[in-house]
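> heads up, no residue letters with this:
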């Protein structure tokens, strides 16, 4: 098969080399084909010759050339920009901007020497070019049919490759790159083919300034968090043989140390790149290994490119491909332990421009995507069992956060390693109070209009049961929250936050109205019209569910993180992983225990957390397709916008946990100390 692929590759390569000089397609299409053929020749050069012998300056120049077309300063005149594509190509704009995005995934295939992945995309380009060199140019519908055929023909192979690379430690390109490179020579950053910005360069430089002991300790916080997740979840890590590291280019020294520490635990590392083929891409969020984002607007513009081909037949085809692939790799899936994630933060908050020229889901396609997400989640869970796997997640800043980057980085390391036992004891005090009631009231202050009533589950045995998990530093680093899944009936009111950063996007003046625990109304002030604002929330928080439940209510206790955010003025740049520990937060979507509600979970004091279900997740017992949303988005009210958090007992009497943004419950006063520093 490899020989056959290389034969096809050579033929495609020869044909593409001829295109820039031919001018066989008529304008305006000729311009697109000429530019893309020249781009593909650069990619083919990497495939054939690699990067050996190039110095750092030459590598930087090559990296810039490969990505220059979508950089913000050039994007207005790029075919990757749906608005430009439509302006230049009229009705063909959408199909050509889709093709453009698929072509630009080839950069990574060339660096990884993935001949098949590269060849099928080259052939797709040539097939469409050939259609435009005939006497009569094809109708837009015919071009669309070629693209849809490509997606359907290769769906099985692309899904199978994606699943295998997520769980198979053999021939792992990124792991080999990390373990075999001299990380003190920053040229290694250009081996992956990812975009390298100042962030990646300066992050790697900063990592090289740290001692090996500091690097090992950072990695140990992360790998120990992963191991502790299995212990606190009463899961057997010795049954597992692989762990999936997801991280951002520049952190290789820490990742290398983590790979070695995981080996000591008996775990081999797998690292897969964020998805590039349209079959596997899902919205604008990058899941897996990634480099710099050359232009977040480009990613946003193409978040729903699958609208080109998403229909009931494709959903069936992809689900069938997942099922057969997991069947083939069932043994690898069975011993996979789950992800260990290193998030980054600090980039300038991104407020996207909404473009009518972009591909966008119809209402029917939104429902199909939800069905696909739901069914694919179930298939994955059958093979990588929820009750047996765990995870961990930690976050660090990138240099774009500002000139205080080194100080902020060290502050985050401190926040990630706060005293486990001290917080565990204080948080238990909060939980003991919360367990005496069935209702909690949360109110904002000043201009914050939050006014929520949360209904808690009924404890049938207070000596052995609790509603809240005592979250210290294991799966969810840093420590600092107590959380529960509320009862939906009776939970309601307004959640309001002036500014929040969710999934890489900024939301201003965000308001969600809950009734019976579900979002029934919503608004924000990002755009000029109410219609645009509602669509922004529907796309990026509700993910097109007609209603979304409150899956989590939590009280964050990490005041050290909050004070650091104020000191360095980075509150709007912190990831939700840290921000959720800096005040009460509420997640819309699935509960914290989705797919593993039947697995008992215990706090350090031995009490079982019984609030693992709500009225939506309980539907899995009758029809699992109704039980999960496939999303979980945390939204935090910062302490400075918080009026009070009070418990309410059956008599209507209240106990205050927080008043005017400060902890007032006896036994929690130490949490206020960072405010005075």
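Structure's in. What do you need? A quick note: this is a predicted structure, and the numbers were derived from the prediction, not measured.

> residues of the helix or strand harbouring residue 340 that come out buried?
Residue 340 is part of strand 336-345 when elements are defined by DSSP states H and E. Neighbour counts using 16 or more other Cβ atoms under 10 Å place 336, 337, 338, 339, 340, 341, 342, 344, 345 of strand 336-345 among the buried residues. Just so you know, the C-beta spots here come from the backbone N, C-alpha and C atoms, and that holds for glycine as well.

> Now do the second one against residue 52, distance only.
In other words, residue 337. Distance, residue 337 to residue 52, by Cβ to Cβ, to the nearest Å: 36 Å.

> gap between the residue lying closest to residue 111 once chain neighbours are set aside and residue 66?
Closest residue in space to residue 111, ignoring its immediate chain neighbours: residue 193 at 3.1 Å, by Cβ to Cβ, 6 or more residues apart in numbering. Applying Cβ to Cβ, one obtains 8 Å for the distance of residue 193 from residue 66.

> again, but for residue 329
To residue 66, residue 329 is 32 Å away according to Cβ to Cβ.

> Who has more neighbours out of those two?
Set side by side, residue 329 and residue 66 show unequal neighbour counts under other Cβ atoms under 10 Å, the larger going to residue 66 at 21 against 18.

> Where does the more buried one sit: helix, strand or coil?
Three-state call for residue 66 (DSSP: H, G, I helix; E, B strand; the rest coil): helix.

> mind checking the SS state of residue 306?
At residue 306 the chain is in helix, as set by three-state DSSP.

> let me fix that: residue 113
Judged by three-state DSSP, the three-state class of residue 113 is coil.

> Now do the same contact list for the nearest residue in space to it that is not next to it in sequence.
Leaving aside its chain neighbours, residue 113 sits nearest to residue 47 (6.8 Å; criterion: Cβ to Cβ, 6+ apart). Residue 47 is in contact with 109, 110, 113, 115, 118, counting by Cβ atoms under 8 Å, 6 or more residues apart in numbering.

> which of these tops the neighbour count?
Result: residue 118 is most packed of the contacts of residue 47 (other Cβ under 10 Å), 26 neighbours.

> In a helix, it, correct?
Yes. If the criterion is three-state DSSP, then residue 118 is within a helix.

> ok, it to residue 112 distance?
According to Cβ to Cβ, residue 118 stands 9 Å off from residue 112.

> tell me what the helix ranked longest in the chain is packed against?
Among the elements of the chain assigned as helix by DSSP state H, the one spanning the most residues is helix 140-167. In terms of contact count using 3 or more Cβ pairs under 8 Å, 6 or more residues apart in numbering; DSSP states H and E, helix 140-167 is assigned the packing partners helix 93-104, helix 115-131, strand 242-246, strand 268-270, helix 312-328, helix 330-334.

> Return the set of buried residues in that helix.
When burial is assessed from 16+ other Cβ under 10 Å, helix 140-167 yields the following buried residues: 140, 143-144, 146-148, 150-152, 154-167.

> contact partners of the helix or strand of the chain with the lowest mean pLDDT?
Ranked by mean pLDDT, DSSP states H and E, the helix or strand of the chain with the weakest confidence is helix 576-579, at a mean of 88. Contacts of helix 576-579 with the rest of the structure, by Cβ under 8 Å, 6+ apart, involve 343, 345, 393-395, 412, 415, 476-478, 500-502, 558, 561, 565, 571, 585, 633-634, 636, 638.

> Can you tell me the element residue 488 falls in?
Using DSSP H and E, residue 488 falls within strand 487-502.

> pretty sure residue 55 contacts residue 187?
Yes. The criterion here is Cβ atoms under 8 Å, and residue 55 meets it with residue 187 at 7.4 Å.

> The two - which one has more neighbours?
Neighbours of residue 55 and residue 187, each counted by other Cβ under 10 Å, are more numerous for residue 187; the result is 16 against 9.

> what sits against the more buried one?
Neighbour list for residue 187: 54, 55, 56, 59 [criterion: Cβ under 8 Å, 6+ apart].

> which one is the third one nearest to, not counting chain neighbours?
Read it as residue 56. In space, and not counting its chain neighbours, residue 56 is closest to residue 187: 5.2 Å by Cβ to Cβ, 6+ apart.

> Got the phi and psi for that neighbour?
Reported as degrees, to the nearest 10, the phi and psi values for residue 187 are phi -60, psi -30.

> Next one: it from residue 364, what distance?
Residue 187 sits 49 Å away from residue 364 when distances are taken as Cβ to Cβ.

> who does the host helix or strand of residue 550 pair up with?
Element membership of residue 550, judged by DSSP H and E, is strand 550-556. When pairing is defined by DSSP bridges, strand 550-556 lines up against strand 481-484 (antiparallel), strand 584-589 (antiparallel).

> Could you tell me the phi and psi values at the residue of the chain positioned farthest from its centre?
Relative to the centre of the chain, and counting by Cα atoms, centre = their mean, the farthest-placed residue is residue 135 at 46.3 Å. Reported as degrees, to the nearest 10, the phi and psi values for residue 135 are phi -60, psi -40.

> tell me the secondary structure for residue 511?
When the structure is reduced to helix, strand and coil (three-state DSSP), residue 511 reads as strand.

> Burial check on it, number of neighbours?
For residue 511, the tally of surrounding residues (other Cβ under 10 Å) stands at 17.

> who touches it in this structure?
Listed by Cβ under 8 Å, 6+ apart, the contact set of residue 511 reads 449, 494, 495, 496, 521, 522, 523, 524.

> got the contact list for the nearest residue to the third one once chain neighbours are set aside?
Excluding the flanking residues, the one nearest residue 495 by Cβ to Cβ, 6+ apart is residue 512, at 4.6 Å. With Cβ under 8 Å, 6+ apart as the criterion, the residues that contact residue 512 are 494, 495, 519, 521, 522, 541, 588, 635.

> The first one touches residue 452, doesn't it?
Looking back up the chat, that one is residue 494. Yes. Between residue 494 and residue 452 there is a contact at 6.9 Å, judged by Cβ under 8 Å.

> what about the two, which has more around it?
Applying other Cβ under 10 Å to residue 494 and residue 452 shows that residue 452 carries more neighbours, namely 24 against 16.

> Go ahead and confirm the more buried one touches residue 514.
Yes. With contacts counted by Cβ under 8 Å, residue 452 reaches residue 514, the gap being 7.1 Å.

> okay, and the common contacts of those two?
With Cβ under 8 Å, 6+ apart as the test, residue 452 and residue 514 both reach 491, 492, 493, 494, 495.

> Just put the residues you listed in a markdown table and tack on pLDDT and distance to residue 427.
Conversion of the shared contacts of residue 452 and residue 514 to a markdown table gives the following (pLDDT from 0 to 100; distance: Cβ to Cβ, whole Å):
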| residue | pLDDT | distance to residue 427 |
| --- | --- | --- |
| 491 | 98 | 22 |
| 492 | 98 | 26 |
| 493 | 98 | 25 |
| 494 | 98 | 27 |
| 495 | 98 | 23 |
